[in-house]
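J.: Need the 3D shape of this:
(one chain, ligands or ions: 1)
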Amino acid sequence: MDTLKQKFADKALSLYTEMRAISKESGDKVVAEVTLGQIMSGARGIKMMQWETSELDANVGIRFRGRSIPEIKQLLPSGPQGEPKPEGLFWLMLTGEVPTKEEVDQLTADWHGRSEVPQQCYTVLDSLPADTHPMTQFTIGIMAMQGDSIFDKRYAEGLSKSDYWDAVYEDSMNLIARLPRVAAYIYRRAFKDGKHIEPDTSLDYSANFAHMLGSDDKDFRSLMRLYLTIHADHEGGNASAHTVHLVASTLADPYRSLAAGMNALAGPLHGLANQEVIKWIFEMIDSLGTKTPSKEQIATYVQQTLDEGKVIPGYGHAVLREPDPRFTSQRRFAEQYIKDSDLIDTVWKIFDVVPPALQALGKVKNPWPNVDAHSGALLVHYGFPEFSFYTVLFGVSRGLGVLAAGIWSRALGMPLERPKSVTSDWIKAQAKK
Ligand code: CMX
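T.: Numbering: from 1, shown residues only. Predicted coordinates for the structure are as follows:
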């Protein structure tokens, strides 16, 4: 067994035993109450699942195994310019330990060794019109590899419950290794006349992905390291993570559960917001007829968007109540690496204009930017203006978090998820009480 798998197995076994004992001894303990308002507003804040890999604090933002984004940047092994490698984050999420540089290098090599994509995936993708939305291609590409599921095969042969995690681990590692190749294939067929670029396994996970997309710029490689790290996980309740968790709880294999989660990520209120942000900015620039709009012009355009009954993409959050540290880390990256970009200046002006406009509505709980408010402008700067592809980048990263969490779910023996629904009659009756 490789070092990572062995480390995980040791930790998982002891936590499994501990959680079983807690469930037996304290399972009846009341820990929260639920209001009608929470039931009627998308289950906001209701604690109803266990998720090992990260936890979201409304004011601090995401903490991966207790470490905030600034701490992650300090602690994890990094690329040449200091941005953390997502391999290190995956190790941390799975084991709770900060890996050494050697351990991260081993993981990079392991993923390279697993990254061959089966031909049928490319054949299926090639059968789709090249202008099929990249997120649709991505989920189809993932499903086209489902026949390779080790969990599916071993389950059909009669897999013991205690070995579920092992098969899910193998599927998850294979999927994570293959996702950048599938994503790059989709990008090159959709936007670069199908001229594909062979992987370079001398590079780390992120730099190789950047290379296959078509960029060997060292700053873009650093951006990819940061991007793939900060988008990976945002606790379990967000739509993509929760979908993966729910579907996997039926013992659907990681290919099926990840594809389901990617469809959730493709909604404009969730991951697709990263394409919507840049689309909205481009439309604003077109409509105002200037690449350097003033704050006053932006404020007028924001108001017009709100008056049309639309949301301002990249702003607001279901849990966060402060500017998203994932936004802040991208802003710091831009300040460090990018000088004189009209587009990035515009993103910063929007940051000054939108929060007061949303606050003035009197109903928006969080007027601050989320992760999606900045990412597109960075990608455009490095030569990737094809915004319909952006959610695929998010998806490659999200795979790291949800698959790590999925390995934990099977190792801890988590059951089929089945919360209770209620009818409007029940709600009316409760309201009268
Ligand atoms: N622009 C305009 N109105 C907004 C808004 C925004 N950015 N954010 C919230 N509101 C509105 C809501 O639509 C809601 O209006 P109604 O009561 O008329 O339905 C009201 O403010 C209250 O919403 P909330 O409780 O503050 O926010 P929710 O938890 O319901 O929704 C979110 C959160 C993210 C869906 C919402 O803020 C939004 O639509 N943002 C824009 C889309 C976006 O950027 N999504 C990406 C989020 C990050 C991610 O998941 O990837």
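
J.: Chain neighbours aside, what residue packs nearest to the closest residue to the ligand within the stretch 201-350 of the chain?
T.: Proximity of the stretch 201-350 of the chain to the ligand (Cβ to the nearest ligand atom) peaks at residue 316, 2.1 Å away. Where you see a C-beta, it was placed from the backbone N, CA and C, and this is true even at glycine. Residue nearest to residue 316 in three dimensions, not counting chain neighbours: residue 366, with 5.3 Å by Cβ to Cβ, 6 or more residues apart in numbering.

J.: Spell out which residues of the stretch 1-150 of the chain are next to the ligand.
T.: Neighbours of the ligand within the stretch 1-150 of the chain, by Cβ under 6 Å from any ligand atom: none found.

J.: if we go to 8 Å?
T.: Proximity of the stretch 1-150 of the chain to the ligand (Cβ under 8 Å from any ligand atom) is limited to residues 41-42, 44.

J.: State the number of residues packed around the residue of the stretch 201-350 of the chain closest to the ligand.
T.: For residue 316, the count of nearby residues is 21 (other Cβ atoms under 10 Å).

J.: That one against residue 372, yeah?
T.: No: Residue 316 is beyond contact range of residue 372, at 10.3 Å (criterion: Cβ atoms under 8 Å).

J.: the helices in the stretch 1-150 of the chain, which residues?
T.: 3-26, 36-40, 69-75, 86-95, 101-114, 119-126, 134-144, 150-157 (DSSP state H, counting those that start in this stretch).

J.: Kindly reformat the ones you listed as JSON lines containing mean pLDDT and mean neighbour count.
T.: Listed next are the helices of the stretch 1-150 of the chain as JSON lines, based on pLDDT from 0 to 100; neighbours: other Cβ atoms under 10 Å:
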{"stretch": "helix 3-26", "mean pLDDT": "97", "mean neighbour count": "13"}
{"stretch": "helix 36-40", "mean pLDDT": "97", "mean neighbour count": "13"}
{"stretch": "helix 69-75", "mean pLDDT": "97", "mean neighbour count": "16"}
{"stretch": "helix 86-95", "mean pLDDT": "98", "mean neighbour count": "26"}
{"stretch": "helix 101-114", "mean pLDDT": "98", "mean neighbour count": "17"}
{"stretch": "helix 119-126", "mean pLDDT": "98", "mean neighbour count": "15"}
{"stretch": "helix 134-144", "mean pLDDT": "98", "mean neighbour count": "22"}
{"stretch": "helix 150-157", "mean pLDDT": "98", "mean neighbour count": "16"}
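
J.: ok, and the closest non-adjacent residue to residue 212?
T.: residue 184 (3.5 Å).

J.: and that neighbour, that's in a strand?
T.: No: in this structure, residue 184 is helix, not part of a strand, as judged by DSSP: H, G, I helix; E, B strand; the rest coil.

J.: Is stretch 343-361 positioned near the ligand?
T.: Yes: using Cβ under 8 Å from any ligand atom, stretch 343-361 reaches the ligand at 354, 358, 361.

J.: most neighbours, which of these?
T.: Going by other Cβ under 10 Å, residue 354 tops these with 24 neighbours.

J.: Need the phi and psi values for that residue.
T.: Residue 354 has phi and psi values of phi -70, psi -50 when expressed as degrees, to the nearest 10.

J.: tell me the contacts of it?
T.: Taking Cβ atoms under 8 Å, 6 or more residues apart in numbering as the criterion, residue 354 is in contact with 302, 312, 315, 367, 369.

J.: so what's whichever residue of the stretch 51-200 of the chain sits closest to the ligand up against?
T.: Closest approach between the stretch 51-200 of the chain and the ligand, counting by Cβ to the nearest ligand atom: residue 56, at 11.0 Å. Listed by Cβ under 8 Å, 6+ apart, the contact partners of residue 56 are 62-63, 234-235, 237, 319-320.

J.: swap in residue 22?
T.: No contacts exist for residue 22 under Cβ under 8 Å, 6+ apart.

J.: Ok, residue 5 next?
T.: Applying Cβ under 8 Å, 6+ apart, the residues contacting residue 5 are 166, 169.

J.: Could you tell me which of the residues of the stretch 1-150 of the chain next to the ligand count as buried?
T.: Buried by 16 or more other Cβ atoms under 10 Å: nothing, out of these.

J.: Save those residues as TSV, and put in pLDDT too.
T.: As requested, these are exported to TSV (pLDDT from 0 to 100):
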residue	pLDDT
41	96
42	97
44	96
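
J.: Appreciated, that's everything.
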